[in-house]
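In: I'd like to go over a predicted model; first the sequence, then the structure.
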Amino acid sequence: MKNRFLSCLYIFLALAALVSCKSRTHDVWVEGWDSNPVPETREDVAQYASGKNLQVYLRHDSVLVKGKPDSTQQPLPFAINAANDDDAWQFGGDRLVAAVSDGYLVGFNKGEWGGHLYWFSKDGSQHYEISDHQVVQFLQKGNEVYAIEGLSHMSTSEGSVIRLTQNKGKWVAQAYAKLPYAPVAAVLDRTQNFLIITSSSLVQVNQQAKVRTLVVNTLLRYMPSANSLVLKGDDAYVGMRKGVFKYNLQTGEQAWLLNNKLHLE
C-alpha cells in the first residue's frame, strides 16, 4: 500500500512539474539579453522595422517579454449592449478599463477614427459619455484616477495626461499635463511621478504637472511606435519592434537589448 501511494505521489509531482514547465514556455526573461548601442541613424533603425512587436511586462520583479496582441480588450463583468448604431460605433476599437467606486471608467480608442470615454454602472445597465478623449492607459495614483490619451497618426502626434474626478455625482475629465507627443504607455516611479513613453521620447511628469523630457534618440523617433513600458528599480524598459530599449533614470545610460535566438508563439 505504501509503495502504491509513493508511486502515485511521484506521478502526481511529475505531472505537476510538466504542467508548470509548460505554463512557463511563454515567459521570456529580458534581463541578460545582448546589450547594444542605440542605433544612431535612420538607416540603422530601419533594419528592425520588420521585426515582431515585443511587449514588456513585470512578473515577480523580473522583466519579461511577449508578442504584443493586435488589439487591447480589457475585461468587464458584463456584456456591453449597444442601444443603437451610434453606440455600436462609439464602443468599438481598443477597450481600456478602470474600476472605480461606483462602476467602471471605460475608454474606447479607434485610432485615427477617434475615441470616447464612458462611465458604466457595476452591472452595465447604465452609462454615460464623459468625453471624447482617446484613452491609451488608466493609472491609479493614491485615491485618484488618471489616464494618458492622444493619437499618433501620419504627421500628427499629440496627447496629454488627464485626471478623472467626480463632480455632482458624475465623472468628468480634467486637463492635467500637455505632452510633447502622443503617449504610448506610462508607469509611476518611486516618487509618484509619471514616467511616460511617447511616440518619440521618454518624459517625466512631476507632482506639479511639469513635463520634463528625459531622452529623445533616433530609435524612439524613427522606430515604429513603442508599445509598453515597465520600471524595475531605476531602469526603464520599453517594448519595441524586435528589441527592448533600456534607460537608467539616474545615470541616463541607454541600451538596445536584442535576443537573436528569440522565438515567440
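Out: Received, thanks. Since we're looking at a predicted model, the values are computed, not measured.
In: okay, now the unreliable bits of the stretch 1-150 of the chain?
Out: Residues of the stretch 1-150 of the chain meeting the criterion pLDDT under 70: 1-26, 85-86.
In: ranges for the helices of it?
Out: 2-23, 42-46, 85-90 (DSSP state H, counting those that start in this stretch).
In: okay, buried residues for the lengthiest strand in the chain please.
Out: When the chain is scanned for its longest strand (criterion: DSSP state E), the result is strand 156-167. Residues of strand 156-167 classed as buried by neighbour count (16 or more other Cβ atoms under 10 Å): 157-164. For every residue, glycine as well, the C-beta is placed using N, CA and C.
In: ok, now stretch 175-192?
Out: Applying 16+ other Cβ under 10 Å to stretch 175-192 flags 176-177, 179-187 as buried.
In: and it, average pLDDT?
Out: For stretch 175-192, mean pLDDT is 97.
In: what's the spacing between it and its chain's center?
Out: 12 Å (Cα atoms, centre = their mean, to the nearest Å).
In: circling back to that earlier point, in CSV, list the buried residues of strand 156-167 along with distance to residue 243 and pLDDT.
Out: Output for the buried residues of strand 156-167, formatted as CSV (distance: Cβ to Cβ, whole Å; pLDDT from 0 to 100):
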residue, distance to residue 243, pLDDT
157, 22, 91
158, 26, 95
159, 24, 96
160, 28, 98
161, 27, 98
162, 31, 98
163, 34, 98
164, 34, 98
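In: looking at those, spot the one nearest residue 78.
Out: residue 164 (20.4 Å; Cβ to Cβ).
In: so who does that closest one touch?
Out: If you count contacts by Cβ atoms under 8 Å, 6 or more residues apart in numbering, residue 164 has them with 98, 100, 105, 130, 144-147, 171-174.
In: model confidence for residue 153, exactly?
Out: 84.
In: beta partners of it?
Out: residue 156 (DSSP bridges).
In: how many neighbours does it have?
Out: Per other Cβ atoms under 10 Å, the neighbour tally for residue 153 reads 12.
In: what separation do you get for it and residue 110?
Out: According to Cβ to Cβ, to the nearest Å, residue 153 and residue 110 sit 11 Å apart.
In: over to residue 230?
Out: 26 Å.
In: before we move on, what about residue 156?
Out: 15 Å.
In: follow-up on the earlier one: ok, and the most crowded of the contacts of residue 164?
Out: Neighbour-wise, those (other Cβ under 10 Å) top out at residue 147, 26 neighbours.
In: quick one: buried residues of the host helix or strand of residue 238?
Out: Residue 238 is part of strand 235-239 when elements are defined by DSSP states H and E. For strand 235-239, a neighbour-count test (16+ other Cβ under 10 Å) marks 235-239 as buried.
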